[in-house]
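Asks: Need a 3D model of the sequence below.
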Amino acid sequence: MVEFAIDFYKVNRDLCLDDERILETMIKSLKNNGAHIISSSRYHCGHNSPPGIITFCMIDESFFYCHSYADRGEMAVNVFTCGHIDTQKVLDDFVSGLNLNLDNAIINKINRFNKYDK
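Replies: Model (predicted):
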C-alpha cells in the first residue's frame with residue numbers, strides 16, 4: 001500500500017479557489033480506478049482563514065484530500081488507497097485532470113504497512 005503526499009507550487013489562483021472542479025476531478029479519478037466513494041465534501045476557505053479550498057473523499061479503500069492556499073499558489077494533496085486500487089493511477093488521473101505541473105511539485109511516496117506485504 002502506498003500513500004502520496006504532494007506539495008504543488010505555482011498553482012493558478014483560480015484553480016486554488018475552485019473547490020467544485022477539484023472535488024469533481026478527485027471523484028472522477030477515484031471512480032475511473034474502481035474506488036468506492038463513501039462520502040465527499042468541499043469547503044471554500046477565506047471567511048476566517050486565508051483563501052483556498054478543502055476537498056475530501058472518504059473511500060472504502062481509504063481517503064483522498066486536497067487543501068489549497070490561493071494567495072501562495074500552493075496545493076497540498078494526500079491520497080492513500082489499499083486493496084485493488086492503484087494509488088499512482090488515481091494521482092495521475094487527478095494531475096492530468098487539473099493540468100497540474102509535476103515539475104512544480106514535491107512528491108513524497110510513503111510505503112505503508114510493508115511488514116504485511118508478501
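Asks: Check the chain and tell me which residue is nearest its centre.
Replies: V77 (4.0 Å; C-alpha atoms, centre = their mean).
Asks: Residue ranges in the chain under the pLDDT threshold?
Replies: 115-118 (pLDDT under 70).
Asks: make it 80
Replies: Within the chain, the stretches with pLDDT under 80 are 114-118.
Asks: Extract the CA atoms of whichever strand or helix holds the residue nearest to the centre of the chain and return them as PDB.
Replies: Using DSSP states H and E, the element containing V77 is strand 74-81. In PDB, the C-alpha atoms belonging to strand 74-81 read as follows (Å, rounded to 0.1, in the frame of the first residue of the first chain):
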ATOM      1  CA  GLU A  74       0.100  26.100  -3.300                       C
ATOM      2  CA  MET A  75      -1.900  22.900  -3.100                       C
ATOM      3  CA  ALA A  76      -1.300  20.100  -0.600                       C
ATOM      4  CA  VAL A  77      -2.700  16.700  -1.800                       C
ATOM      5  CA  ASN A  78      -2.800  13.400   0.100                       C
ATOM      6  CA  VAL A  79      -4.000  10.200  -1.500                       C
ATOM      7  CA  PHE A  80      -4.000   6.700   0.200                       C
ATOM      8  CA  THR A  81      -5.600   3.600  -1.200                       C
END
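Asks: could you pull out the strands for this structure?
Replies: 2-8, 37-45, 52-59, 62-69, 74-81, 105-111 (DSSP state E).
Asks: Give me the helices and strands touching the longest helix seen in the chain, please.
Replies: Determined from DSSP state H, the single longest helix within the chain is helix 19-32. Judged by 3 or more C-beta pairs under 8 Å, 6 or more residues apart in numbering; DSSP states H and E, the packing partners of helix 19-32 are strand 37-45, strand 52-59, strand 62-69, helix 87-98. To be clear about C-beta, it is placed using only N, CA and C from the backbone, and glycine gets the same treatment.
Asks: Which one, of the strands of the chain, ends up nearest to E20?
Replies: strand 37-45 (6.8 Å; C-beta to C-beta).
Asks: Count the neighbours of M26 for me.
Replies: Neighbour count of M26, defined by other C-beta atoms under 10 Å: 27.
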